[in-house]
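J.: Just need the structure, nothing else, for what follows:
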Amino acid sequence: FGLEQTDYDRVGVITKSFEPYAQLWITAYDWRKNHTQWMTDPFQSLEPESMDTCIQDGWRALFKASKAFAELPECKEVAEQIREEIDEFKPMMPCITA
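T.: A predicted model of the protein is given here:
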């Protein structure tokens, strides 16, 4: 086509640097969506195993995000706030799984 070839060498680096942001916002969105659903859906429709997986995976991802954003207080605050919400919900799980 007579055009210079585009250099995509930095795409991998850019993708890797964006990953913590994406993980934080995806995890926060998933938690808020699931929590709202769990609190409003009929109790019989709850699936304790998938809830537990969501809680554990979300908590881990947010713990990592808190460390990754040590230099960005706003992002770190979001990660810690959602993680606290998860911590507040965890004590309810034994009642749901019983």
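J.: Phe89 - how many residues pack around it?
T.: Close neighbours of Phe89, defined as other Cβ atoms under 10 Å, add up to 17. Yep, even glycine has a C-beta here, placed from its N, CA and C like the rest.
J.: How about the contacts made by it?
T.: By Cβ atoms under 8 Å, 6 or more residues apart in numbering, Phe89 lies in contact with 35, 55.
J.: any idea of the pLDDT on Phe1?
T.: Looking at Phe1, its pLDDT stands at 78.
J.: now do Arg83
T.: Note on Arg83: pLDDT of 96.
J.: what's the answer for Asp7, then?
T.: 88.
J.: can you offset everything so residue one is 32?
T.: Yep, numbering from 32; the last one is Asp38 now.
J.: Look at it and give its secondary structure.
T.: Using DSSP: H, G, I helix; E, B strand; the rest coil, the three-state assignment for Asp38 comes out as coil.
J.: got the buried residues for stretch 68-75?
T.: Trp69 (16 or more other Cβ atoms under 10 Å).
J.: and what of stretch 40-55?
T.: 51, 54-55.
J.: Is it possible to get JSON lines of these that adds secondary structure, pLDDT and distance to Glu108?
T.: Compiled in JSON lines, those are given as follows (DSSP: H, G, I helix; E, B strand; the rest coil; pLDDT from 0 to 100; distance: Cβ to Cβ, whole Å):
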{"residue": "Pro51", "secondary structure": "helix", "pLDDT": "93", "distance to Glu108": "14"}
{"residue": "Gln54", "secondary structure": "helix", "pLDDT": "95", "distance to Glu108": "16"}
{"residue": "Leu55", "secondary structure": "helix", "pLDDT": "96", "distance to Glu108": "11"}
